[in-house]
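A.B. asks: What follows is a protein structure lacking sequence information:
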(Lines give C-alpha, C1' and ligand atoms only; values in the text may rest on other atoms or scores of the structure.)
Protein backbone atom coordinates (compact mmCIF):
# COMPACT_ATOMS: atom_id res chain seq x y z
CA UNK A 1 0.00 0.00 0.00
CA UNK A 2 2.87 2.36 0.80
CA UNK A 3 4.40 1.87 -2.62
CA UNK A 4 1.07 2.59 -4.32
CA UNK A 5 0.56 5.79 -2.30
CA UNK A 6 4.15 6.87 -2.96
CA UNK A 7 3.68 6.42 -6.70
CA UNK A 8 0.43 8.39 -6.50
CA UNK A 9 2.21 11.12 -4.53
CA UNK A 10 4.97 11.40 -7.13
CA UNK A 11 2.34 11.56 -9.87
CA UNK A 12 0.40 14.29 -8.04
CA UNK A 13 3.60 16.29 -7.51
CA UNK A 14 4.56 15.95 -11.17
CA UNK A 15 1.06 17.02 -12.23
CA UNK A 16 1.31 20.04 -9.90
CA UNK A 17 4.58 21.14 -11.49
CA UNK A 18 3.15 20.56 -14.98
CA UNK A 19 0.08 22.70 -14.26
CA UNK A 20 2.26 25.39 -12.67
CA UNK A 21 4.49 25.60 -15.76
CA UNK A 22 1.43 25.57 -18.02
CA UNK A 23 -0.08 28.49 -16.10
CA UNK A 24 3.16 30.47 -16.19
CA UNK A 25 3.45 29.92 -19.95
CA UNK A 26 -0.15 31.09 -20.42
CA UNK A 27 0.65 34.16 -18.30
CA UNK A 28 3.76 34.97 -20.34
CA UNK A 29 1.86 34.61 -23.63
CA UNK A 30 -0.73 37.20 -22.62
CA UNK A 31 -0.26 40.13 -24.93
CA UNK A 32 -0.71 43.77 -24.08
CA UNK A 33 -3.69 43.86 -26.45
CA UNK A 34 -5.38 41.10 -24.41
CA UNK A 35 -4.80 43.02 -21.21
CA UNK A 36 -6.08 46.34 -22.56
CA UNK A 37 -9.02 45.03 -24.55
CA UNK A 38 -12.27 46.67 -23.52
CA UNK A 39 -14.36 43.54 -23.91
CA UNK A 40 -16.64 42.56 -21.09
CA UNK A 41 -15.67 39.40 -19.29
CA UNK A 42 -12.35 37.61 -19.10
CA UNK A 43 -10.14 37.17 -22.14
CA UNK A 44 -9.31 33.70 -23.50
CA UNK A 45 -5.79 34.11 -22.11
CA UNK A 46 -7.17 34.83 -18.64
CA UNK A 47 -9.40 31.76 -18.84
CA UNK A 48 -6.39 29.56 -19.72
CA UNK A 49 -4.40 31.00 -16.81
CA UNK A 50 -7.27 30.46 -14.41
CA UNK A 51 -7.87 26.88 -15.57
CA UNK A 52 -4.17 26.03 -15.17
CA UNK A 53 -3.95 27.51 -11.70
CA UNK A 54 -7.15 25.76 -10.55
CA UNK A 55 -5.65 22.50 -11.81
CA UNK A 56 -2.51 23.21 -9.82
CA UNK A 57 -4.54 23.76 -6.67
CA UNK A 58 -6.43 20.52 -7.28
CA UNK A 59 -3.24 18.48 -7.67
CA UNK A 60 -1.62 20.16 -4.65
CA UNK A 61 -4.64 19.25 -2.55
CA UNK A 62 -4.48 15.68 -3.80
CA UNK A 63 -0.78 15.50 -2.89
CA UNK A 64 -1.52 16.77 0.63
CA UNK A 65 -4.27 14.17 1.08
CA UNK A 66 -1.88 11.41 -0.05
CA UNK A 67 0.77 12.61 2.43
CA UNK A 68 -1.84 12.54 5.21
CA UNK A 69 -2.80 8.98 4.22
CA UNK A 70 0.86 7.95 4.28
CA UNK A 71 1.27 9.47 7.74
CA UNK A 72 -1.84 7.72 9.01
CA UNK A 73 -0.62 4.41 7.52
CA UNK A 74 2.66 4.76 9.43
CA UNK A 75 0.98 5.56 12.71
CA UNK A 76 1.54 9.31 12.54
CA UNK A 77 4.82 9.24 14.31
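C.D. replies: In hand now; what should we look at? What you see is a predicted model; the values in this text were computed from it and never measured.

A.B. asks: what's around residue 11, how many residues?
C.D. replies: 14 (other C-beta atoms under 10 Å). For glycine as for every other residue, the C-beta is placed from the backbone atoms N, C-alpha and C.

A.B. asks: er, residue 62 I mean
C.D. replies: Here the count is done by other C-beta under 10 Å, and residue 62 has 17 residues near it.

A.B. asks: How about it: what's its closest non-neighbour residue?
C.D. replies: The shortest distance from residue 62 to any residue other than its chain neighbours is 4.6 Å, reached at residue 12 (C-beta to C-beta, 6 or more residues apart in numbering).

A.B. asks: Could you do residue 27 as well?
C.D. replies: Leaving aside its sequence neighbours, residue 27 is closest to residue 49 (5.4 Å, by C-beta to C-beta, 6+ apart).

A.B. asks: and the residue positioned nearest the centre of the chain, what does it touch?
C.D. replies: Per C-alpha atoms, centre = their mean, the C-alpha nearest to the average position across the chain is that of residue 56, at 0.8 Å. For residue 56, the set of contacting residues under the criterion of C-beta atoms under 8 Å, 6 or more residues apart in numbering consists of 16, 19, 20, 23.
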